[in-house]
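Q: predicted model and sequence below, questions to follow.
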Amino acid sequence: MPAKKKEHGVGSALAVEALASRIHLIRGHRVMLDADLATLYGVQTKVLVQAVKRNLARFPTDFMFQLSGDEWTNLRSQFVTSSLGHGGRRTAPYAFTEQGVAMLSSVLGSERAIAVNIEVMRAFVRLRDLLSSNKELAKRFAELEQRLERKLDSHDQAIAGILDAIRQLMTPPHSPPKRRIGFS
């Protein structure tokens with residue numbers, strides 16, 4: 001009996017949202033870490049890294065890079081991972097860009113790797129769509145802000161004119177000095 005194809009409904013959308021939360025911005029690139037990818041692919045992190053190291057020619061620096069000590073420390077403090085002395089990771093993780101994640105499916109040729117890879121690609125696309133829609137929203141907000149400022153400027157000028165007119169009405173007019181009656 002042939003396997004059923006997975007429909008792209010609510011489950012798929014939830015998977016994309018969960019994957020998008022594992023995409024980080026490091027060195028100006030949207031990346032996923034090796035440990036997250038290994039979990040998704042159902043392999044140990046060291047197995048994933050070994051497969052990558054056996055195929056380094058497929059992973060140029062714009063596909064994958066290893067985090068620096070500072071970057072790794074910052075990530076560990078954000079995610080509260082175990083310290084070095086308590087069985088934690090001893091090497092800095094590798095970060096994979098969208099192209100690097102796509103290349104991983106060819107290195108890890110299992111069906112699961114291919115299926116996970118498709119969902120990860122959807123997550124990257126969804127994140128890109130969200131970012132572009134936020135840019136459009138920010139642009140529209142800036143235009144609205146400028147229109148509002150122009151209106152406020154004209155209203156401020158009108159109010160200032162009204163206040164000047166009120167001040168003039170409140171100031172008594174200068175009258176010529178009164179002449180004294182009688183002889184001086």
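A: Great, that's in hand.

Q: and Phe59, how close does it get to Leu48?
A: Remark: distance between Phe59 and Leu48 (C-beta to C-beta, to the nearest Å) = 12 Å. In short, each C-beta sits where N, CA and C put it, glycine included.

Q: which one of these two is surrounded by more residues?
A: Comparing Phe59 with Leu48 by neighbour count (other C-beta atoms under 10 Å), the higher total belongs to Leu48, at 23 against 20.

Q: identify the residue nearest the more buried one in space, chain neighbours excluded?
A: In space, and not counting its chain neighbours, Leu48 is closest to Ala38: 4.3 Å by C-beta to C-beta, 6 or more residues apart in numbering.

Q: can you check Gly42 too?
A: Once chain neighbours are set aside, the closest to Gly42 by C-beta to C-beta, 6+ apart is Arg112, at 5.5 Å.

Q: please apply the same query to Ile26.
A: Across the structure, with C-beta to C-beta, 6+ apart as the measure, the residue nearest Ile26 apart from its sequence neighbours is Ala95 (5.5 Å).

Q: returning to that earlier point: so which helix or strand takes in the residue nearest to Gly42?
A: If you go by DSSP states H and E, Arg112 is part of helix 111-170.

Q: gap between that helix and the chain center?
A: How far helix 111-170 lies from its chain's middle: 17 Å, per C-alpha atoms, centre = their mean, to the nearest Å.

Q: low-confidence regions, this protein specifically.
A: Within the chain, the stretches with pLDDT under 70 are 1-17, 77-88, 138, 184.

Q: SS state for the residue nearest to Ile26?
A: Ala95 falls in the strand class when you classify it by DSSP: H, G, I helix; E, B strand; the rest coil.

Q: which ones are touching Glu136?
A: By C-beta atoms under 8 Å, 6 or more residues apart in numbering, the contact set of Glu136 is empty.

Q: that one and Leu25, how far apart?
A: The spacing between Glu136 and Leu25, counted by C-beta to C-beta, is 20 Å.
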